[in-house]
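Colleague: whatever this is, show me its structure:
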Amino acid sequence: MRILILTQYFWPENFRVNDLASDLIVRGHEVTILTGLPNYPSGKVFEEYRAEPEKFKRFEGAEVIRIPMLSRGSGSLRLMANYASFVVSGLTVGAWKLRGRRFDSIFVFMISPITAVLPAILQRRLKRAPLFVWILDLWPETLEAVGVVRSPRLLALVGKLVRYIYKRTDHILVQSRAFMDNVRNYAGPDATVSYFPGWAEPIFQQGLETAPKASEISLLSDSFNVVFAGNVGEAQDFPAILDAAEALRKDIPVRILIIGDGRMTPWVEKEIARRRLSDRVVLLGRFPLERMPSFFKAADALLVSLKREKIFAMTIPGKVQSYLAAGLPLLGMLDGEGGRVIREAGAGLVSPSGDAPALARNIEALAGMTPQERAAMGANAKAYGIAEFDRTRLLSGLEAKMRDAVWGGKA
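Modeller: You can find the predicted model right below:
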C-alpha cells in the first residue's frame, strides 16, 4: 500500500509514530511522512536539525516531507500559534508538496492538537483515500484539564470542531477502551472505532540485559532510586510529586530522579531549591531514547503520574508500556485505566492521583521490600506487557484494517 502518515511530531522527536512508520516500511509498504520541524519538548527546533536538515529528509528509506511552522516556545499563546501554524502550513504548503501523488491510505498520529487532523481531511478528499486517526488525547477535555482553555463557550466551539473531524474520519483508533464512549458522543453511533493501545519501544522490548548502568545514576547508588522518565508538564502533577518527596521519612534514603524536559521544568527547578529538596529530587535533564535502557537498569523503581482529572483517568500514559517492558516495579500516582493496568499486572504499587502522602508511603513500602519481592513485580510487569501490548500483533491488526479499507470497501 501507499501510505501517507501525517503527524505534527516525528523523528528525531521520540514518539511511537516513529515505530509505526518503521514497521510499515519493513512490511513493504511505500510510506511518506508529512510533518513539521522537530522542537518537542524543549520548544526550540533541534540544533542537529538546524545544522544539517538534509540528514532528516529520509527515515529508513521513506521520504519525510517537512513543512514550515512556529516552534512551541514557552507560554500558552505561543503554543496556540504553534498549533495554528502547522494547520495552515499543512493545508497550503503540505497540499502543494503532495500534489500529483496517490495514496491508498492516510494515517494521523493524534496527540494534541486535534487540529493537526485538518490537513489530513483535505488529503482524504483530494486523494480519495480512507483516513485513519489514532486518538491519544481527547479534546476538548484535555484542554480543560490542563487549564489551557477555561471558557465554556470556547470549549463548546472546540467540541464542534472535534465533531467535524471525527465525522470525516473513516476509522478512529483509541489508545484506551475508556475513550470509546467519549469518541462516539462526538463521532456518532455509526462511527467505526477500534481499541489500539500503545506498545513499548523496541529498545525496551529487547530487554535491559546488555545495557550498561547509567553513570549519572550509578553515582547515586547510596539511595533507593525512583526514576520518572518523560515530559515534565502540567498533566504529570509535579506539585504532588514534590509534596511526596517532602513527606518521605528522613531515615529512608530515597531519591526521585527526573529524566526529561518540558514546560514545567523551570518551575520544578525553582521549587526544588525553595523546598530544599536537592537531596531528594534530582533533575537529570533530557537524553536520547537510546540511552533510556541504561537509566532504567540503574533504577530501583519507575514512577508514572497524572493529575486528578476525569479525562486523565481514562488514559493509559504511553510510558506505562515502556515501564512494563523494562521489567521493573512501577509506582503509579494516577486514577482509572493507568492504575488498573499496574494493579492488574501485579507490577507495582498505585496511589490515587494527587495523593502525595500515599505516594510517599508506597515509595517507602517498595524500598522496604526484599530484592526478590521487587524482582517478582518486575517479572509480572514484563509478562503483562508482552501479553497485552505486543507491538507486532497490534500493528498487524492495523495493517489488516488498512487493507480492508482499501480493498474490502470498508474501514
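
Colleague: was I right about residue 355 contacting residue 334?
Modeller: No: taking Cβ atoms under 8 Å as the definition, residue 355 is not a contact partner of residue 334, at 10.1 Å. From N, CA and C alone the C-beta is placed, and that goes for glycine too.

Colleague: who's more crowded, these two?
Modeller: residue 334 (28 against 17; other Cβ atoms under 10 Å).

Colleague: you'd agree the more buried one is up against residue 312?
Modeller: Yes: at 7.0 Å, residue 334 and residue 312 qualify as touching, with contact defined as Cβ under 8 Å.

Colleague: identify the contacts common to those two.
Modeller: Contact with both residue 334 and residue 312 is made by residues 306, 353, according to Cβ atoms under 8 Å, 6 or more residues apart in numbering.

Colleague: need phi/psi at residue 75.
Modeller: Phi and psi for residue 75, reported as degrees, to the nearest 10, are phi 100, psi 150.

Colleague: could you number the chain from 48 rather than 1 from now on?
Modeller: Okay, residue one is now 48; in that scheme the one you just asked about reads as residue 122.

Colleague: point to the residue nearest the middle of this structure.
Modeller: residue 365 (4.5 Å; Cα atoms, centre = their mean).

Colleague: quick check, pLDDT for that one.
Modeller: The score at residue 365 is 88. That number is its pLDDT.

Colleague: what of the one 4 residues further on?
Modeller: According to the predicted model, the pLDDT of residue 369 comes to 92.

Colleague: assign it to helix, strand or coil.
Modeller: helix (DSSP: H, G, I helix; E, B strand; the rest coil).

Colleague: in contact with it, which residues?
Modeller: Neighbours of residue 369 in contact, by Cβ under 8 Å, 6+ apart: 247, 248, 251, 276, 339.

Colleague: give me that answer again for 7 Å
Modeller: The neighbours of residue 369, taking Cβ atoms under 7 Å, 6 or more residues apart in numbering as the test, are 247, 248, 251.

Colleague: for these, which one is nearest residue 77?
Modeller: residue 248 (23.9 Å; Cβ to Cβ).

Colleague: so how far is residue 52 from the closest one?
Modeller: As defined by Cβ to Cβ, to the nearest Å, residue 248 lies at a distance of 17 Å from residue 52.

Colleague: and what of residue 393?
Modeller: 36 Å.

Colleague: could you check which of those two is surrounded by more residues?
Modeller: A count of neighbours by other Cβ under 10 Å puts residue 52 above the other of residue 393 and residue 52, at 26 against 13.
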